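> Sequence and computational prediction follow.
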Amino acid sequence: MTTKTYRRLVMLGIATVAFGLAGCGTATGPAAPSTTGPSAEVPGAGVSGQAMLDDLPAEPDPGQPDPADPADPADPQPPSPDPQPPTVVEPAAEDCVSYNPSNLTVTASGDAWILRDGSHSMKLFDTQSDAEDGKKVARNWTRLCFIGRGNTRTDRYRYIITYFKSPSGLPLGPAPAFDCISYNPATLSIYSGAAHPADPTQDDWALYSGGTPLLFLASEPDALRAKLVAGANTRLCFIGQGNDRPDPARYAMEYWRA
């Protein structure tokens with residue numbers, strides 16, 4: 001190798017080292033731009049880490065409702081109202097008085113007649129014949145019961161219904177003059193509202209057998225009690241129903257037969 005050639009190689013090596021040092025730079029100086037041409041494309045290359053985070057959608061604060069999600073459990077929701085159970089109307093309580101069927105008498109009271117248990121009045125009748133029929137029915141039982149005795153209607157006797165309970169066991173006496181309506185207990189129903197189509201202001205409750213009205217009551221509990229009594233029988237009977245008193249219901253008596 002000639003001296004000239006040796007010097008050229010030394011100079012080329014020094015230049016190469018200087019070039020490499022300039023490309024790396026110092027720890028505090030800026031890096032020199034690459035002179036070797038563009039590198040292969042890498043996703044995200046040339047974008048800072050912060051810029052990449054800024055491009056992502058913001059995460060909702062786990063302690064706050066997400067306005068974009070209507071079903072977010074953090075959204076304040078009005079409490080659901082508790083379902084109200086249907087109102088259950090109970091039949092009126094039984095209203096009965098006990099008596100001694102062997103101690104029944106019929107006595108006059110002014111222009112009317114009273115069925116008595118000793119000194120206790122049980123029922124008022126229009127005629128002596130009606131009172132005697134009432135006595136014939138009553139002697140077969142030991143308790144007289146009322147439906148609607150506490151009603152406050154202006155014509156309150158119209159809504160007071162009677163029936164008997166607890167057989168006496170006494171020998172059957174002469175039968176009364178029967179005035180009865182036969183019905184099928186399977187067809188009993190309660191009708192409310194205008195019980196009289198000709199008078200829509202009526203607010204009666206009525207006990208029906210099919211399409212036939214049997215009784216009119218002052219309240220739904222009274223109607224339910226009447227339905228229970230009627231359901232155990234097949235005939236609704238009356239004494240004194242045809243009287244011509246100004247308040248005829250006061251002088252009439254109802255009872256049931258099986």
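Arrived safely. Numbering: from 1, shown residues only.

> after the least confident helix or strand in the chain by mean pLDDT, next one along is what?
Sorting the helices and strands of the chain by mean pLDDT, DSSP states H and E puts helix 49-54 at the bottom, at a mean of 44. Moving toward the C-terminus from helix 49-54, the first helix or strand encountered (DSSP states H and E) is strand 95-98.

> List the buried residues in that following strand.
For strand 95-98, the buried set under the neighbour-count rule, 16 or more other CB atoms under 10 Å, is empty. Using the backbone N, CA and C atoms, a C-beta is placed for each residue, glycine as well.

> quick one: residue 112 from residue 127, how far?
8 Å (CB to CB, to the nearest Å).

> Between these two, which has more neighbouring residues?
More neighbours surround residue 112 than the other of residue 112 and residue 127, with 17 against 14 (other CB atoms under 10 Å).

> Which strand or helix spans the closest residue to residue 178 other than its chain neighbours?
In space, and not counting its chain neighbours, residue 178 is closest to residue 237: 6.1 Å by CB to CB, 6 or more residues apart in numbering. Assigned by DSSP H and E, residue 237 belongs to strand 235-239.

> before we move on, what about residue 133?
Going by DSSP H and E, residue 133 is part of helix 128-138.

> just checking, next helix/strand downstream of that helix?
The helix or strand immediately downstream of helix 128-138 is strand 141-147, counting by DSSP H and E.

> Output that following strand as CSV, restricted to C-alpha atoms.
C-alpha atoms of strand 141-147 as CSV (Å, rounded to 0.1, in the frame of the first residue of the first chain):
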residue,chain,number,x,y,z
TRP,A,141,-136.1,-22.1,65.1
THR,A,142,-134.3,-20.5,68.0
ARG,A,143,-132.7,-17.4,66.5
LEU,A,144,-134.1,-14.5,64.5
CYS,A,145,-131.5,-12.7,62.3
PHE,A,146,-131.6,-9.3,60.5
ILE,A,147,-129.7,-7.9,57.5
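
> who's the closest residue in space to residue 135 that isn't next to it in sequence bridged to?
Spatial nearest neighbour of residue 135, excluding adjacent residues (CB to CB, 6+ apart): residue 104 at 5.1 Å. Beta-bridge pairing for residue 104 (DSSP bridges): residue 117.

> residue contacts, residue 104?
115, 116, 117, 122, 135, 138, 139 (CB atoms under 8 Å, 6 or more residues apart in numbering).

> Could you measure from the third one over to residue 110?
Residue 117 sits 20 Å away from residue 110, taking CB to CB as the criterion.

> Which one's more surrounded, the two?
Shown here are residue 117 and residue 110; by other CB under 10 Å, residue 117 has more neighbours (18 against 6).

> Looks like the more buried one contacts residue 106 (just checking).
No: using CB atoms under 8 Å, residue 117 is not in contact with residue 106; the gap is 11.4 Å.

> just checking, what packs against the helix or strand hosting residue 206?
Using DSSP H and E, residue 206 falls within strand 205-209. Helices and strands touching strand 205-209, as assessed by 3 or more CB pairs under 8 Å, 6 or more residues apart in numbering; DSSP states H and E, comprise strand 188-192, strand 212-217, helix 220-231.

> I appreciate the help and will end here.
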